[in-house]
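1. let me see the structure of the following:
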Amino acid sequence: MTDTDEKAITGQKVIMHSFGDPEPVLDGRSMFEYEYCPMYQNHYEYPYDIDAVAKMYHATSHHTSALITKRNVLVSLYKPHPKLSRQAFIGLVINLLVFDNAYVQVVRNRLGGVLQLRPKLARNTRKSIKGEGYHHVDYRQGAAIEYNEQVIHIFNPDINQEIYGVPDYLSSVNAITLNEAATLFRRRYYKNGAHAGYILHVSDPLSTQEDVDDLEDAVRESKGAGNFKNLFMYTPNGKPDGVKVIPLAEVAAKDEFANIKIASRDDTLAGHRVPPQLMGVVPNNAGGFGDAKKAAEVFYWHEILTLQNMLLDINDQVGETIISFNEYQLTKSDS
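-> Okay, the predicted model is just below:
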């Protein structure tokens, strides 16, 4: 290298910056990896992140629709009772489906008769460490208040602990969050102008370092939406074409958006064990999903009947028949 070349590059350096911070994605395993019930103050906490599960309720259309499909079938068969209205029954069912824990406060008169059954939010109810009682937890007030009346707790037994139920669909939590992430990515992609960012390559030497800094700031302020990044690369005395804007590759052909949505949808429905034809899912093949009536009948006998039996257990604990269901039939002509 000659003395002239050394002088030409004195004070010049290659500058390369990327703009746009990665957004954290909810780690699926952190929602249900506790495997035990932590003790806090005077009660047991859930063996999974119940707040995260509550937020995930509206994460994707398939996850929400699967839960609502089960809820609607149960509610349509329920016989309203003066001591447990249809509206109250809906609240009881949705807590059982989402959290696999449902609580009913039994209000009795002085003679011990049942006046009313009041469903309680599973998100705010905890099992007492001492005795068989339950607490209403409100962390905003910093206190856990024990219920004075009897509280009935129904849930599916877990393999790691015997205090709370754990939703079966948590096995497909990664599919649910992947489906949501794919949708959010595509939304950001179109919001960003249907591209995933660009590389601004400047090889012509700018007059001063201040010009470089100003250009760098301008690119930084124009960063894309969400996870999309723009890259500023400054290589003085580089190759021809001093300034280039290089768009990143087309996302439409690279991200397999449709395949991700279909695969994560199928995993989600498998976790819920709900036939897709009962949820309005459009089939990808000409043959479709098969007879919806037969699928509905199998769905009832394998899934809904089990949930009904869990809810009927409340009658045994109360000592009175309050919850009852009509016979399942798809049309009035069915026997």
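
2. sec struct for residue 107, please.
-> strand (DSSP: H, G, I helix; E, B strand; the rest coil).

3. use 332 as the first number for this chain going forward.
-> Taking 332 as the first residue, the last one we looked at is residue 438.

4. and the pLDDT for it?
-> For residue 438, the model assigns a pLDDT of 93.

5. for residue 359, same thing?
-> 48.

6. try the one 4 residues further on
-> Residue 363 is assigned a pLDDT of 57 by the prediction.

7. now do the one 10 residues further on
-> On the pLDDT scale, residue 373 is placed at 86.

8. correct me if wrong: residue 460 contacts residue 373.
-> Yes: Residue 460 is within contact range of residue 373, at 5.7 Å (criterion: CB atoms under 8 Å). Where C-beta positions appear, they are placed from N, C-alpha and C, glycine not excepted.

9. all helices for the stretch 382-531 of the chain, in order.
-> Ranges of helices in the stretch 382-531 of the chain, per DSSP state H, counting those that start in this stretch, are 392-408, 417-430, 504-522.

10. would you format these as CSV with mean pLDDT included?
-> CSV is the format used below for the helices of the stretch 382-531 of the chain (pLDDT from 0 to 100):
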stretch, mean pLDDT
helix 392-408, 94
helix 417-430, 97
helix 504-522, 81
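
11. which helix or strand contains residue 589?
-> helix 588-603 (DSSP states H and E).

12. need the next SSE after that helix, C-terminal direction.
-> Following helix 588-603 toward the C-terminus (DSSP H and E): helix 623-630.

13. the helix or strand just after that next one versus helix 392-408: what angle between them?
-> Scanning forward in sequence from helix 623-630 by DSSP H and E, the next helix or strand is helix 636-649. Here the directions of helix 636-649 and helix 392-408 differ by 50 degrees (axes from the mean of the first three to the mean of the last three CA atoms, to 10 degrees).

14. neighbours of the spatially closest residue to residue 450 that is not a sequence neighbour, just the number please.
-> Sequence neighbours aside, residue 423 is the residue nearest to residue 450 in space, at 4.0 Å (criterion: CB to CB, 6 or more residues apart in numbering). As a burial measure, residue 423 scores 24 neighbours (other CB atoms under 10 Å).

15. show me the contacts for residue 423.
-> Residue 423 makes contacts with 415, 433, 435, 450, 642, as judged by CB atoms under 8 Å, 6 or more residues apart in numbering.

16. so how far is residue 479 from residue 651?
-> 20 Å (CB to CB, to the nearest Å).

17. the two: who's more crowded?
-> Using other CB under 10 Å, the more surrounded residue of residue 651 and residue 479 is residue 651, with 15 against 8.

18. check what pLDDT the more buried one gets.
-> 92.

19. could you do residue 346 as well?
-> 47.

20. if we can go back for a sec, can you lay out the helices of the stretch 382-531 of the chain as a markdown table showing distance to residue 638?
-> Putting the helices of the stretch 382-531 of the chain into a markdown table (distance: least, CB to CB, whole Å) gives the following:
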| stretch | distance to residue 638 |
| --- | --- |
| helix 392-408 | 6 |
| helix 417-430 | 7 |
| helix 504-522 | 21 |
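
21. closest to residue 600 out of those helices?
-> helix 392-408 (6.3 Å; CB to CB).

22. what number of residues lie near residue 386?
-> Around residue 386 there are 12 residues (other CB under 10 Å).

23. now the one 3 residues further on
-> By the measure other CB under 10 Å, the count of residues near residue 389 is 10.

24. how about it, nearest residue that isn't a chain neighbour?
-> Residue 389 sits nearest to residue 395 (CB to CB, 6+ apart), 5.8 Å away.

25. just checking, that neighbour touches residue 388?
-> Yes: with contact defined as CB under 8 Å, residue 395 reaches residue 388; the gap is 6.4 Å.

26. show the pLDDT at residue 473.
-> Residue 473 is given a pLDDT of 68.

27. what's the answer for residue 435, then?
-> Looking at residue 435, its pLDDT is 96.

28. how about the nearest residue to it, chain neighbours excluded?
-> Using CB to CB, 6+ apart, the nearest residue to residue 435 is residue 483, at 4.5 Å.

29. count the neighbours of that neighbour for me.
-> The number of residues near residue 483, taken as other CB under 10 Å, comes to 18.

30. residue contacts, the residue lying closest to residue 655 once chain neighbours are set aside?
-> In space, and not counting its chain neighbours, residue 655 is closest to residue 410: 4.7 Å by CB to CB, 6+ apart. Contacts of residue 410 were listed using CB under 8 Å, 6+ apart, and they are 655, 656, 657.

31. looking at the residues you listed, spot the one nearest residue 498.
-> residue 656 (22.6 Å).

32. from memory that closest one sits against residue 636, does it?
-> No: applying CB under 8 Å, one finds residue 656 not in contact with residue 636, separated by 9.4 Å.

33. find residues that contact each of the two.
-> With CB under 8 Å, 6+ apart, residue 656 and residue 636 have no common neighbours.

34. for the protein, name the helix or strand with the lowest mean pLDDT.
-> helix 334-339 (a mean of 44; mean pLDDT, DSSP states H and E).

35. what residues are up against residue 453?
-> Residue 453 touches 381, 426, 429, 430, 432, 433, 434, counting by CB under 8 Å, 6+ apart.
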